[in-house]
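1. Please work out how this folds:
(one chain, ligands or ions: 1)
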Amino acid sequence: MKIQKVKNRGFLFTFYNSPDWDLNIHLIMGRKYNYIIDTGLGSLCMAPIIEHIDDNKPVVVINTHYHWDHIWGNGEFKDSIIISHRLCREIIELQWDDMIEKNKHYCHGNIEKCLPNLVFEKELYFPDDKIRIIYTPGHTIDCISIIDEEEKVINVGDNIGDTIEEIVPDVDCEEKLYIDTLLKYKEIDFDTCISGHNVILDKKVVDKILRML
Ligand SMILES: [Zn+2]
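-> Numbers count the residues shown, from 1 in each chain. Coordinates of the predicted model:
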């Protein structure tokens, strides 16, 4: 596991223990809350993040989408706010057992079913921390992105492919929705782009993907 500092208040924890892909967990230590973006493969993915948080500010968990490798650590935050798109909660509820059955060999520590408890349709905003969360379907129909407006950093979840070689992600919804999301990204003021599995990128990645579609 590697920890990279992202500007002044962000940290990216990358796990290399899975054979097939790297896995990123993003922490933003705001003035009011600590934001944990995605919870990985279980309690052992969350332990280093919890250890890293050295203040008493409450944790806000954000699930970028319903896929199992982004939600299995939710059980460590049963008493916290856990945010997702409305569809994300609905799909987790429907597919939880199936996702465990098919992928349980990837689990890292304990896994406990813990659904998002604050859902939204289009947008949420934390004004004290200047953290904006918006609906950005593409990789899946329930994808959301998190913008740290103060530091000009965006987390797009899996809306960018897993590696530099495969920069275009699997798109499990109408391609038009994904293109609209990419065009939306172009309008947003950021220079640093974090995603679920890739390295830290810059804004040029958006045009690169648009050209490849
Ligand atoms: Zn995914």
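2. Which elements pack onto the longest helix anywhere in the chain?
-> Identified as the longest helix of the chain according to DSSP state H is helix 86-103. With contacts taken as 3 or more C-beta pairs under 8 Å, 6 or more residues apart in numbering; DSSP states H and E, helix 86-103 sits against strand 118-120. Bear in mind the C-beta positions are built from the backbone N, C-alpha and C, glycine included.
3. neighbouring contacts of the next helix or strand after the strand it packs on?
-> Remark: after strand 118-120, the chain's next helix or strand is strand 123-126, criterion DSSP states H and E. Residues outside strand 123-126 that contact it (C-beta atoms under 8 Å, 6 or more residues apart in numbering) are G30, K32, Y33, V60, I83, L118, I131, R132, I133, I134, Y135.
4. What of stretch 173-184?
-> 134, 136-141, 143, 145, 159, 171, 206, 209-210, 213.
5. Show me which residues of that stretch are buried.
-> Using 16 or more other C-beta atoms under 10 Å as the test for burial, stretch 173-184 gives Y178, T181, L182.
6. So which of those are in helices?
-> Y178, T181, L182.
7. and the chain, which residues reach the ion?
-> When proximity is defined as C-beta under 5 Å from the ion, the chain approaches the ion at H67, D158.
8. where along the chain do the helices fall?
-> Using DSSP H, the helices of the chain run over residues 43-52, 86-103, 175-187, 204-212.
9. pLDDT on the third one, on average?
-> What that stands for is helix 175-187. Averaging pLDDT along helix 175-187 gives 98.
10. Appreciated, that's everything.
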